[in-house]
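Enquirer: Test case, fold it:
(2 chains)
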Amino acid sequence: MAKKILVIDDEPDILTMVAKRLDANRYTVVTAGSGEEGLAKAKQECPDLVFLDYIMPGMTGDEVLCRLKQDPETKKIPVIIFTAATKKMKVGEFQALGAAGCLFKPFTSDGLLGRIREVLGGEA
Amino acid sequence: MKKTSKKKSRPSPKTGFPRRPGRAILARKKCDDLFELTNDLIQIFKPEGTLLDVNPSWKKVLDYSEEDLTTLTIFNIIHPRDKQESEEVFRAVFRDGKPRKLSVTLIKKTGGEVLIEGTVSSVVCKGRPTALRGIFWDVTRHKEYEELKDEFISTVSHELRTPLTVVREGVSQMRDGLAGEMTPDQNALLDMVLQNVDRLARIIEELLDVSKLEAGQVRIQRTLSNIVDVVRGVVENFRPVARRKNLEIHLLPEKEKIDIYIDREKIVQVLTNLINNAFKFTIEGHVKIHLRELEDFVECKVADTGRGISKLDLPKAFEKFRQFAKVVGPGEKGTGLGLSICKKLIQLHHGQVTIESLPMKGTVVTFLLPKYTPRELFKESITLALNKCQEDKSPLSVIIFDLVNFDVLKKDLGEKRAGWIVSRMERLLNESLRRAADVAIKDSKAILVILPDTKKENAYIVLGRLYQLLQEYLSREQRSPKIEIHSSVACFPEEADTIEKLLDQIYD
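Expert: Predicted coordinates:
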C-alpha cells in the first residue's frame, strides 16, 4: 500500500508543488495549510510521515512538533522539518526536539525523495 | 618672587597689533571649545556620584537643565540594572588611575533610555585623583541598526528562499515530464533555468554567510581534529568532478597525522570553496593540496595550474564580488563571495590567508592555522561565553573534569584508546547538558563544561549530576587501571573577575 505523507506548510504553492512531486512518486499525500490544521489531520489521517514547515504564522513548526510528540496517538509518526530558515547549525536542534530529519528550502527532488526514503526506507 | 609681567599681552613692536595669545591659552581654549561643541557626552563627577560639570551635549541628549543637575547624582541617571557595574568601574578607576571602558543605559529626564559607550578616566590634580571624567557617545541608534540588520538577514533568508523553492520545483517538475512531455529544445531551456536558480540560491546562501560573518554572528567551536583526515574527506568529494573535467587532484600531506584544534565544519567550507575555485578556473593539469606542520602553525596550500589572476587584480582577490577569471560564454559561474568568506572563516580561527598567482600558470592559496594549547583553547571558549554573559550582566560558571591518571592510561591502552575515552565522555556530557548555550569541550585529557547564566550553587548541582553520570560510564567501562577523575568549579564574577583568574582557578 502506498505510504501516506502529511505536508504542513502555510505557502499554498509549496503545498501544490510538493504534493505533485510526491504523487508522481506514488505516495498518498494529505496537505494542511496551518499548524492547527496539520495537528488535526495528523490525528485523523494517521500518516506514515509528516513534512512540517518550521516558520509559519500562528502555530509555529516547533510548537506543532512538540504537540505531535506529546500526543500518544501521533508521537510515533516521524517528522521531517522543512525549512527556509538558516541552515547547518539548526540540524542538531531539530533532532533534539524529536524530528527525524530536516530538509532545507530550496530543495531538489532528489533531496526530497532521498530524505523520505531515509526515514521510511525503501520505495513508496 | 619671580616677575611674571611678561605674560601680560603687549602690542608687538614689529606689527603694532596685539600679540597672539600664548600656547597655554590656545590649548585651554581648544579644550573649552571641545567641551562645549563636541557631540560626545562629557561629565565630571565624584566617585560617589555628585555631578561637578557636564557639557552642553550631555544636557541636550538627556534633557536635564542646569537646575536639575544641582539635585542629581550620576546614580539617579544610570539605569538601576547597570548601577552595580558602574560603581565598580568608578571605584577601580579612582583607585588605580587606569581608564576603563563602560557601556551603560542612562535615563533621560523624560524617562526615555539612552545607550552610551565610552571611557571613564580620573581627573588628577597635584598628583592625586580628585574626580572622574566620563566621555561617552550615544550608541542607541547604532544598536537599533544592528538589530535591524540581524532581523533583515533572517527575514531575507526566509522570504527569498520560499519563492525560489516554488520556482525550482516547478521547473524541475516540467523538466521531469510531470506536466506533460517536453521537446529537447524545451528541456535545454529548462536545464538552463535550473542551473541559474541554483546559482541564485548559492548567491543568497553566500550573501547570508557574509552578512552573518560581518555581523559577528558566526562563532567557531574548535575540536581536536586530524586535519589530514579533514582535508582528505573534502578531496574525496571532488574526485568525481576531477574525473569529469579530466583533471588530476592530489593530496600531499607531509605526514599522516597533524592534530590541531579547528572548527571542522568551517575548515571543510573553506577547503570546499578553495578547491571548487581551483577546478573552476583550471582547464588542464592538476589541483594539488599540500599540508605541513610548522612550529606554531599548520600550513595548507591549494595550488592549481589554471588561468591565474593578473598582478593588478591580485590585491583585490579577497574583496566581495570580485571575479577576475570570469569568461564569456557557458560554464560554471561563481558568486564572487567565496574567497571573502574563506578569509573571514580563517580569521575567525586567528589564522592568515594569502594568494599568489601567475596568469596562465596557476594560483596558490595558502592558509595558516595557529596551533592552540589546551589552555588557549579553553580561554577562547570561555571568552566567547563570558562576553555574552557580560552583555547580559549574568554570572558564568565553568566545571573542569580532569583525568588525573591519563598518562598511565595512555601507556596502558595506547594513545588512541585513551583519547577515545575522553571523546566518549565529552559526548556523554554534551548529551546530558540541557540548554543550548551549555557546552562541553575537551582537550587531550580534560573536559571543560561552560554554563552561562549559572550561579555557583547551581553549578555544584550540575557538577554532581555530571560527575555521577561519568562515574556510571566509567564503572561500565571497567578499565584497569581505574580511571580517576578530578573535578573543580569556578564562577564568574563571584570567585574570579577576570578570565585569567578563572583559568588559574580551574587549573589549580
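
Enquirer: Can you show me the strands along chain A?
Expert: Taking DSSP state E, the strands of chain A run over residues A:4-8, A:28-32, A:49-53, A:79-83, A:101-104.

Enquirer: Output those in JSON lines; the columns should cover mean pLDDT and distance to chain B.
Expert: From N, CA and C alone the C-beta is placed, and that goes for glycine too. Shown next, in JSON lines, are the strands of chain A (pLDDT from 0 to 100; distance: least, Cβ to the nearest Cβ, whole Å):
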{"stretch": "strand A:4-8", "mean pLDDT": "96", "distance to chain B": "12"}
{"stretch": "strand A:28-32", "mean pLDDT": "96", "distance to chain B": "14"}
{"stretch": "strand A:49-53", "mean pLDDT": "94", "distance to chain B": "9"}
{"stretch": "strand A:79-83", "mean pLDDT": "90", "distance to chain B": "9"}
{"stretch": "strand A:101-104", "mean pLDDT": "87", "distance to chain B": "8"}
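
Enquirer: Format those strands as JSON lines; extra columns: mean neighbour count.
Expert: Formatted as JSON lines, the strands of chain A follow (neighbours: other Cβ atoms under 10 Å in any protein chain shown):
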{"stretch": "strand A:4-8", "mean neighbour count": "24"}
{"stretch": "strand A:28-32", "mean neighbour count": "19"}
{"stretch": "strand A:49-53", "mean neighbour count": "26"}
{"stretch": "strand A:79-83", "mean neighbour count": "25"}
{"stretch": "strand A:101-104", "mean neighbour count": "19"}
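
Enquirer: Identify whichever of these lies nearest to B:S154.
Expert: Ranking those by their distance to B:S154 (criterion: Cβ to Cβ) puts strand A:79-83 first, at 11.7 Å.

Enquirer: returning to what we had before: export the strands of chain A to a markdown table and tack on distance to B:K30?
Expert: A markdown table is the format used below for those (distance: least, Cβ to Cβ, whole Å):
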| stretch | distance to B:K30 |
| --- | --- |
| strand A:4-8 | 68 |
| strand A:28-32 | 71 |
| strand A:49-53 | 62 |
| strand A:79-83 | 58 |
| strand A:101-104 | 59 |
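
Enquirer: Of these, give the one that comes closest to B:R91.
Expert: strand A:79-83 (49.6 Å).

Enquirer: Outside of the closest one itself, list whatever touches it.
Expert: The contact list for strand A:79-83 (Cβ atoms under 8 Å, 6 or more residues apart in numbering or on different chains) reads A:7, A:9, A:49-55, A:61, A:65, A:68-69, A:90, A:94, A:98-105, A:115-116, A:119.

Enquirer: how does it look with 7 Å?
Expert: With Cβ atoms under 7 Å, 6 or more residues apart in numbering or on different chains as the test, strand A:79-83 has contacts from A:9, A:49-55, A:61, A:65, A:68, A:94, A:99-105, A:115, A:119.

Enquirer: Also stretch B:139-149?
Expert: B:V114, B:L115, B:I116, B:E117, B:A215.

Enquirer: ok, now with 8 Å
Expert: For stretch B:139-149, the surrounding residues in contact (Cβ under 8 Å, 6+ apart) are B:S103, B:E113, B:V114, B:L115, B:I116, B:E117, B:S211, B:A215.

Enquirer: Most neighbours among the residues you listed, which one?
Expert: Highest neighbour count within the contacts of stretch B:139-149, by other Cβ atoms under 10 Å in any protein chain shown: B:I116, with 22 neighbours.

Enquirer: What residues does residue 27 make contact with?
Expert: Here I'm looking at chain A. A:A2, A:K3, A:K4, A:I5, A:I116, A:A124.

Enquirer: Would you point out the helix or strand in chain A whose mean pLDDT is lowest?
Expert: Sorting the helices and strands of chain A by mean pLDDT, DSSP states H and E puts helix A:90-97 at the bottom, at a mean of 71.

Enquirer: so how far is chain A from B:T363?
Expert: 28 Å (Cβ to the nearest Cβ, to the nearest Å).

Enquirer: which secondary structure element contains that residue?
Expert: Here B:T363 sits within strand B:362-370, counting by DSSP states H and E.

Enquirer: Might you calculate how far the helix or strand just after that strand sits from the centre of the chain?
Expert: Using DSSP H and E, the next helix or strand after strand B:362-370 towards the C-terminus is helix B:374-392. Relative to the centre of its chain, helix B:374-392 is centred 11 Å away, using Cα atoms, centre = their mean, to the nearest Å.

Enquirer: And the next helix or strand after helix B:374-392, what does it pack against?
Expert: Downstream of helix B:374-392, the next assigned helix or strand under DSSP H and E is strand B:396-403. Counting by 3 or more Cβ pairs under 8 Å, 6 or more residues apart in numbering or on different chains; DSSP states H and E, the packing neighbours recorded for strand B:396-403 are helix B:374-392, helix B:415-432, strand B:446-452, helix B:456-477, strand B:485-492, helix B:499-507.

Enquirer: Just put these in JSON lines and tack on distance to B:S121, mean pLDDT and mean neighbour count.
Expert: Output for the helices and strands packed on strand B:396-403, formatted as JSON lines (distance: least, Cβ to Cβ, whole Å; pLDDT from 0 to 100; neighbours: other Cβ atoms under 10 Å in any protein chain shown):
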{"stretch": "helix B:374-392", "distance to B:S121": "21", "mean pLDDT": "79", "mean neighbour count": "16"}
{"stretch": "helix B:415-432", "distance to B:S121": "44", "mean pLDDT": "81", "mean neighbour count": "16"}
{"stretch": "strand B:446-452", "distance to B:S121": "31", "mean pLDDT": "87", "mean neighbour count": "23"}
{"stretch": "helix B:456-477", "distance to B:S121": "33", "mean pLDDT": "86", "mean neighbour count": "14"}
{"stretch": "strand B:485-492", "distance to B:S121": "25", "mean pLDDT": "86", "mean neighbour count": "18"}
{"stretch": "helix B:499-507", "distance to B:S121": "23", "mean pLDDT": "79", "mean neighbour count": "16"}
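
Enquirer: Can I get the ones you listed in JSON lines including distance to chain A?
Expert: Shown next, in JSON lines, are the helices and strands packed on strand B:396-403 (distance: least, Cβ to the nearest Cβ, whole Å):
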{"stretch": "helix B:374-392", "distance to chain A": "15"}
{"stretch": "helix B:415-432", "distance to chain A": "10"}
{"stretch": "strand B:446-452", "distance to chain A": "17"}
{"stretch": "helix B:456-477", "distance to chain A": "18"}
{"stretch": "strand B:485-492", "distance to chain A": "26"}
{"stretch": "helix B:499-507", "distance to chain A": "25"}
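
Enquirer: Many thanks, we can stop here.
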